[in-house]
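Q: fold the following for me, if possible:
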Amino acid sequence: MAEAPPATLFFALPVPGAARALAGRCQEALRLGLGPGRYPALEGLHITLAFLGPTDPARVPALLGMAAEVAGAGFRLRTAGIGGFPRPGRARIAWLGFAPEPALDALEARLWAALRAGGAAFDDKPFQAHLTLARYREPVDLGRLDLPVMETLTFETGGVGLFQSVPGPQGSSYRLLGAADCK
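A: Presented below is the predicted three-dimensional model:
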């Protein structure tokens, strides 16, 4: 029997409906101000903690065990405005950011330490909590937009999920493989 091909996996925090609704209002403001781009489906929005990339499906049980080890207690996150990568004046990605939260930073650090200890490869670019709102072919200047003041939203985290990215014609969709609830 042939082995299953590697799956593109990542750890993330799912976001509640109220955060997805706010992200939808932000996406609409970006569409009106900047026009064409790729705007991810709201139901797939998440806060990526660690991107693993192509991973042997046989590793999934061990990875879920790592999530259970590091999940810890739930905490609150607060939205903090729109930004862009690599920078707002020449953004290829527009995002909704979050206020600094020590509990989130500690969760990310525990997860990365567990991944390293378990020999799992992952992208270790500096972590910045965000929800991706849009992707643009050419850089855009987010500063030139007259964005309405977006309300601040605070919500409770629910758990650490292991997701699989499934490519499709309209962009990727995300399948939850398992989650460790925050205690």
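Q: ok, then the element right after the helix or strand where Thr48 lies?
A: Secondary-structure assignment from DSSP states H and E places Thr48 in strand 46-55. Toward the C-terminus, strand 46-55 is succeeded by helix 60-70 as the next helix or strand (DSSP H and E).
Q: angle of the host helix or strand of Arg116 against helix 60-70?
A: If you go by DSSP H and E, Arg116 is part of helix 102-117. Relative orientation of helix 102-117 and helix 60-70, computed by axes from the mean of the first three to the mean of the last three CA atoms, to 10 degrees: 140 degrees.
Q: how far away from the center of its chain is the helix or strand following helix 102-117?
A: As assigned by DSSP H and E, the chain's next helix or strand after helix 102-117 is strand 130-140. Here the centre of strand 130-140 is set off from its chain's centre by 13 Å, with CA atoms, centre = their mean, to the nearest Å.
Q: what is the mean pLDDT for strand 130-140?
A: Average pLDDT, strand 130-140: 95.
Q: kindly report the same for stretch 25-33.
A: pLDDT averaged over stretch 25-33 gives 91.
Q: hang on, Gln164 packs against Gly178?
A: No. Using CB atoms under 8 Å as the test, Gln164 is too far from Gly178 to be in contact (10.4 Å). (Glycine included, C-beta is placed from N, CA and C.)
Q: hmm, back to that, now the strand holding Thr48 against helix 102-117, angle please.
A: Using the same axes, to 10 degrees: strand 46-55 against helix 102-117 is 10 degrees.
Q: what residues does the lengthiest helix in the chain touch?
A: Longest helix of the chain, by residue count under DSSP state H: helix 17-34. Residues outside helix 17-34 that contact it (CB atoms under 8 Å, 6 or more residues apart in numbering): 15, 37, 39, 42-43, 45, 79, 82, 94, 96, 131, 133-134, 136, 140, 145-148, 150-151, 153, 155.
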